[in-house]
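Undergrad: My questions concern the predicted model and sequence given below.
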Amino acid sequence: MQNTNQYKIMVVDDDPDITELLQYNLAKEGYEVACAENGKEALDTAAKFNPDIILMDVMMPVMDGITACRQLREKLEFRDTYILFLTARSEEFSEIAAFDAGADDFITKPIKPRALLSRLAAHVRRDNQQTGDDHQVIEIGNIRIDRTSFSVFKGDERITLPKKEFELLSFLAATPNKVFNREELLNNVWGTDVYVIARTVDVHIRKVREKIGEDHIKTIKGVGYKFNTD
């Protein structure tokens with residue numbers, strides 16, 4: 001994924017007015033676009049279209065967005081796909097459920113096309129910067145993180161992490177024993193132009209710990225988190 005106009009975006013929403021609006025604006029910006037009407041159709045379309053970015057509604061008939069996101073994340077080919085939820089529901093529990101399922105971002109309707117396009121452009125810039133990084137491998141104890149291949153190993157065991165979990169772990173491990181508060185982690189991992197709640201960091205830390213073990217990331221009460229080498 002090198003150029004903006006090479007990115008493929010899949011829009012998943014049961015409201016034809018929204019899919020038409022997004023398809024028009026995204027295509028105008030040079031993105032290749034495919035659409036699906038529900039979560040089940042999204043799984044089928046994603047397998048054929050192989051999107052780089054997915055914009056998905058939460059509440060849909062046949063299969064909701066949370067279930068579809070969870071099933072997509074279980075597939076290796078969609079582990080790094082950027083998934084952004086678009087929803088009319090603004091309750092915190094909906095946002096947390098979305099991130100628990102593997103979402104990277106969450107914005108509420110009504111959709112503001114220019115703001116959404118700016119957010120996608122910011123994601124593309126960050127993605128290209130990361131793709132252009134020099135070879136970088138971090139080894140601490142039995143954990144090895146390879147940013148060029150987005151691989152994490154615990155001993156000889158390869159661990160699969162969604163993109164944001166990988167970036168969070170990689171950021172913390174790049175400066176072991178330095179404590180970062182939630183705002184610093186949000187700014188460095190999610191970016192300053194993306195709005196997500198601080199609780200998002202806690203959810204992702206919990207999910208990383210479930211996969212690499214409880215001892216590597218330490219909570220500093222009232223402050224934040226650090227990658228622990230003690």
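TA: Yep, it's here.

Undergrad: Pull up the per-residue confidence for the residue nearest in space to the middle of the chain.
TA: Centroid-nearest residue in the chain: Asp104, 2.6 Å away (criterion: C-alpha atoms, centre = their mean). Note for Asp104: predicted pLDDT of 81.

Undergrad: That one and Leu84 touch, don't they?
TA: Yes: between Asp104 and Leu84 there is a contact under C-beta atoms under 8 Å: 6.3 Å. Yep, even glycine has a C-beta here, placed from its N, CA and C like the rest.

Undergrad: correct me, but Cys69 touches Asp104?
TA: No: under the criterion of C-beta under 8 Å, Cys69 is not in contact with Asp104, lying 9.8 Å apart.

Undergrad: quick one: common contacting residues for the two?
TA: Common neighbours of Cys69 and Asp104, counting by C-beta atoms under 8 Å, 6 or more residues apart in numbering, are Ile83.

Undergrad: ok, which stretches of this protein are helices?
TA: 16-28, 39-49, 65-73, 92-101, 113-131, 163-174, 182-185, 199-212 (DSSP state H).

Undergrad: Take these and lay them out in TSV including mean neighbour count.
TA: Formatted as TSV, these follow (neighbours: other C-beta atoms under 10 Å):
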stretch	mean neighbour count
helix 16-28	15
helix 39-49	18
helix 65-73	22
helix 92-101	18
helix 113-131	15
helix 163-174	22
helix 182-185	16
helix 199-212	18
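
Undergrad: Now the phi/psi pair for Asp13, please.
TA: phi -160, psi 140 (degrees, to the nearest 10).

Undergrad: Setting aside sequence neighbours, what's the nearest residue to it?
TA: Asp57 (4.3 Å; C-beta to C-beta, 6 or more residues apart in numbering).

Undergrad: who touches the one you found in this structure?
TA: 12-15, 18, 65, 85-87.

Undergrad: from those residues, which single one is nearest Ile212?
TA: Phe85 (25.8 Å; C-beta to C-beta).

Undergrad: Quick one: low-confidence residue ranges for the chain.
TA: 1-5, 90-91, 126-135, 192-195, 230 (pLDDT under 70).

Undergrad: could you redo the last one with a cut-off of 80?
TA: 1-6, 79-80, 89-96, 105-106, 122-136, 148, 191-198, 229-230 (pLDDT under 80).

Undergrad: Would you confirm that Asn177 contacts Lys226?
TA: Yes: with contacts counted by C-beta under 8 Å, Asn177 reaches Lys226, the gap being 5.7 Å.

Undergrad: Counting neighbours, go ahead and name the busier of the two.
TA: Set Asn177 next to Lys226 and count neighbours by other C-beta atoms under 10 Å: Lys226 wins out with 20 against 12.

Undergrad: For Met63, see how far away the closest residue to the more buried one other than its chain neighbours is.
TA: Spatially, and ignoring its direct neighbours in sequence, Lys226 is nearest to Val179 (4.5 Å; C-beta to C-beta, 6+ apart). With distances taken as C-beta to C-beta, to the nearest Å, Val179 is found 41 Å from Met63.
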